[in-house]
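1. got a sequence here, can you model it:
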Amino acid sequence: MAIDIFEKEEIITYREDDLDILIPIRNGKYMNDDGTYQAEFFELLSEYEKRFEYAVENSSLPARPNFRQVEEFVMSVNERVVRQ
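-> Presented below is the predicted three-dimensional model:
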């Protein structure tokens, strides 16, 4: 999801395109009987780390958020909730 934020500037919570990776992880495909992880899992993780680092370095998002703008947004949301 973090890669999508940096690459596409959007939050995608429904991960349909990632199910072929996520479900086997959830089901323990990459775990050994003693609870440790197989080398294949760390290779997969390394590839995602590389993609993440590349996405961060090449993102058009600012390095730091505009905290004033965030605070104003939060206040406007709270205000709308209170008024309802």
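
2. which stretches of this protein aren't confidently modelled?
-> Scanning the chain for pLDDT under 70 picks out nothing.

3. can you show me the helices along it?
-> Along the chain, the stretches classed as helices by DSSP state H are 2-8, 19-26, 39-57, 67-83.

4. can you list the ones you listed in JSON lines and add mean neighbour count?
-> Placement of C-beta: from N, CA and C, glycine included. Formatted as JSON lines, the helices of the chain follow (neighbours: other CB atoms under 10 Å):
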{"stretch": "helix 2-8", "mean neighbour count": "15"}
{"stretch": "helix 19-26", "mean neighbour count": "11"}
{"stretch": "helix 39-57", "mean neighbour count": "12"}
{"stretch": "helix 67-83", "mean neighbour count": "9"}
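
5. closest one to Asp33 among those?
-> Nearest to Asp33, of all these, is helix 39-57, at 14.3 Å by CB to CB.

6. name the helices or strands packed onto that closest one?
-> Judged by 3 or more CB pairs under 8 Å, 6 or more residues apart in numbering; DSSP states H and E, the packing partners of helix 39-57 are helix 2-8.

7. which residues does the helix it packs on contact?
-> When contacts are defined by CB atoms under 8 Å, 6 or more residues apart in numbering, helix 2-8 is touched by residues Glu10, Ile11, Ile12, Tyr48, Arg51, Phe52, Ala55, Val56, Asn58, Ser59, Leu61.

8. please redo it, this time with the cut-off set to 7 Å
-> Helix 2-8 is contacted from outside by Glu10, Ile11, Ile12, Arg51, Phe52, Ala55, Val56, Ser59, Leu61, using CB atoms under 7 Å, 6 or more residues apart in numbering.

9. quick revisit: redo the helices of the chain as TSV? Include distance to Asn32.
-> Formatted as TSV, the helices of the chain follow (distance: least, CB to CB, whole Å):
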stretch	distance to Asn32
helix 2-8	27
helix 19-26	14
helix 39-57	10
helix 67-83	43
